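[1] Dropping a prediction and its sequence here:
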Amino acid sequence: MYLKDHYVVLNRGEGNFGLHSGAVLLDPVKTSGSNVILEIYNSSDQPVINPVVSVEVYHAPRFDIEQKKALQARSQELFSNLSKVYQQLDDNPNAHFSSVRPTTRVSVSGRSAKTENQSLLIRPFGNIDAEIKKLGSKEHFGYRTVNQAIRKGDAKADTLVMDHFPSLPEHIEILARIQRLNIQRIVFRKATPMQDFFLPSEAHSMLETYEQLNIKVYWYNAYLDDIYVHTYKNDHGYFIKKENVDRFLASTILAFYGSALEMSDEERRKITALVERMTRFFGHNVGILTGGGEGVMGLAADVGRSNNCLTGSAYLELEAQPPKVGVDFFNTFQEKNRHNRQKWFQVADFCIFSIGGAGTMEEIGIEVCNLKLGIRPRVPYVFFHPKYFKSLQRSSRLWREKAACQLG
């Protein structure tokens, strides 16, 4: 098997013929020879004749600076044009409700299809000034609700622009009209009417639906002063700049867990050395994923960025931990969705746990339990501290001994 320009991902699980006990991703930079060994084990008590595994072979994307510049230029054009559109919505909002009836009359958490959400259908590329002039009037610009925009707007336009991410009733309206429209993109700038940055739990389910419908969702994020496209990796979505999507999909993701508090100089030195060694080993296609705070998380992200790695965060709304911005990919979660947010760390190929408090221990418990239940993909867990995890090591030894007694 010669993998100079390709990489192989093993389809793990009994339904895919076998389980792999080691690496999941075979990096083309490291496996450029003709001998690639796959270690396979049999978890049953039955002998396996001629064992096989199911694999998927992908072409390794090459770094193309011209393509990246073209994507950057297109993203800048989209961001600039949308800035003009949102400025018009702010300066000349439509203050009138029309008599358009929603498909359903349900109300969820005080929001319905009649709730105000300034929206319009538009063609965002090309001569945006002419497009704005065509869609506007002296009195107002756009529509007061999503329902009005999709029923009275330009049916041939390919982009639905709205003030905030759709609520469940608005989502129903969009799906009900989707076959009659030409929507290829949805753009929003706020998570909710009252919250700019942190998405509610139902938003992530809606994002999955739009992905299945092949509708790209863009976040015009004034807080980060850029535009990001929602992209899936390992069944979990993150917002990322368009020019970094291919690199993100091909990257080996290292997730770092730990305290947001300051560390000693010795702890900082060890974490820095670990990140540098791992990034050198895996090559330039590495992403560092954290919870978006300071301490261990901030240090890992800073060292990764200095080594030309992608950096990302699964931000959680916490008053005591403001988000540390400046990452390449991210997603956001409201405070009450703490446990659901943990699933987004399943994008990682390695989980590295460092010294932390109750929050870190809770995350370890969730991850280990998910691994035991088969919810979490089989990836290496690294507990990185000489003394802090001694008690956990003793506990895991007791777990294994108890499991061995039950099987015996």
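    Perfect, I can see it now.
[2] Buried residues in stretch 350-370, which are they?
    For stretch 350-370, a neighbour-count test (16 or more other Cβ atoms under 10 Å) marks 350-356, 359-360, 363-364, 366-368, 370 as buried. From N, CA and C alone the C-beta is placed, and that goes for glycine too.
[3] pLDDT below threshold where in the stretch 251-400 of the chain?
    Within the stretch 251-400 of the chain, no stretch has pLDDT under 70.
[4] Strands along that one, start to end?
    With strands called from DSSP state E, counting those that start in this stretch, the stretch 251-400 of the chain shows them at 252-257, 286-290, 310-316, 329-333, 350-353, 381-383.
[5] Compare those strands and give me the one nearest D158.
    D158 lies closest, by Cβ to Cβ, to one member of these: strand 329-333, at 24.8 Å.
[6] Direction included, what does that closest one pair against?
    Partners of strand 329-333 in the sheet, by DSSP bridges, are strand 236-240 (antiparallel), strand 310-316 (parallel).
[7] In CSV: the ones you listed, plus mean neighbour count and distance to M206.
    CSV is the format used below for the strands paired with strand 329-333 (neighbours: other Cβ atoms under 10 Å; distance: least, Cβ to Cβ, whole Å):
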stretch, mean neighbour count, distance to M206
strand 236-240, 22, 11
strand 310-316, 23, 18
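[8] Just send these back as a markdown table, with distance to T252 too.
    Formatted as a markdown table, these follow (distance: least, Cβ to Cβ, whole Å):
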| stretch | distance to T252 |
| --- | --- |
| strand 236-240 | 15 |
| strand 310-316 | 10 |
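[9] Ok, which of those strands comes nearest E56?
    Nearest of the strands paired with strand 329-333 (Cβ to Cβ): strand 236-240, 18.0 Å.
[10] Need the residues that contact the closest one.
    Under the contact criterion Cβ atoms under 8 Å, 6 or more residues apart in numbering, strand 236-240 has outside partners 204, 207-208, 211, 219, 221, 228-231, 248, 312, 328-331, 343-344, 346-347.
[11] tell me the angle it makes with strand 286-290.
    Going by axes from the mean of the first three to the mean of the last three Cα atoms, to 10 degrees, strand 236-240 is angled at 100 degrees with respect to strand 286-290.
[12] picking that back up, between the strands paired with strand 329-333, which gets nearest to S112?
    Among the strands paired with strand 329-333, the nearest to S112 by Cβ to Cβ is strand 236-240 (26.3 Å).
[13] Only alpha carbons, please: show the closest one as PDB.
    Presented in PDB, the C-alpha positions along strand 236-240 are these (Å, rounded to 0.1, in the frame of the first residue of the first chain):
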ATOM      1  CA  HIS A 236     -19.800  17.500  14.200                       C
ATOM      2  CA  GLY A 237     -20.000  21.000  12.800                       C
ATOM      3  CA  TYR A 238     -17.700  24.000  13.300                       C
ATOM      4  CA  PHE A 239     -17.700  27.500  11.900                       C
ATOM      5  CA  ILE A 240     -14.500  28.100   9.900                       C
END
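[14] so for the next helix or strand along the chain from that strand, what's the average pLDDT?
    Once the chain leaves strand 236-240, the next helix or strand it forms, by DSSP states H and E, is helix 245-250. The average pLDDT within helix 245-250 is 88.
[15] Point out the other helices and strands that helix 245-250 packs with.
    Judged by 3 or more Cβ pairs under 8 Å, 6 or more residues apart in numbering; DSSP states H and E, the packing partners of helix 245-250 are strand 226-233.
[16] Endpoints of stretch 325-336, how far apart?
    21 Å (Cα to Cα, to the nearest Å).
[17] Give me the buried stretch members for that stretch, please.
    327-334.
[18] so where's the stretch 101-250 of the chain shaky on pLDDT?
    The stretch 101-250 of the chain contains residues with pLDDT under 70 at 136-139.
[19] And the helices in it?
    Counting by DSSP state H, counting those that start in this stretch, one finds helices in the stretch 101-250 of the chain at the ranges 128-135, 146-152, 168-177, 201-212, 245-250.
[20] Deepest-packed of these, please.
    Each of these was scored by mean neighbour count; the highest is helix 146-152, a mean of 24, by mean count of other Cβ atoms under 10 Å.
[21] Determine how far that one lies from the middle of the whole chain.
    Offset of helix 146-152 from its chain centre (Cα atoms, centre = their mean, to the nearest Å): 29 Å.
[22] Can you spell out which helices and strands pack onto that helix?
    With contacts taken as 3+ Cβ pairs under 8 Å, 6+ apart, helix 146-152 sits against strand 119-122, strand 159-162, helix 168-177.
[23] Let's have those in TSV, adding distance to V85.
    Below are the helices and strands packed on helix 146-152 laid out as TSV (distance: least, Cβ to Cβ, whole Å):
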stretch	distance to V85
strand 119-122	6
strand 159-162	6
helix 168-177	18
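[24] of the ones you listed, which approaches V108 most closely?
    Closest to V108 of those is helix 168-177 (Cβ to Cβ; 4.8 Å).
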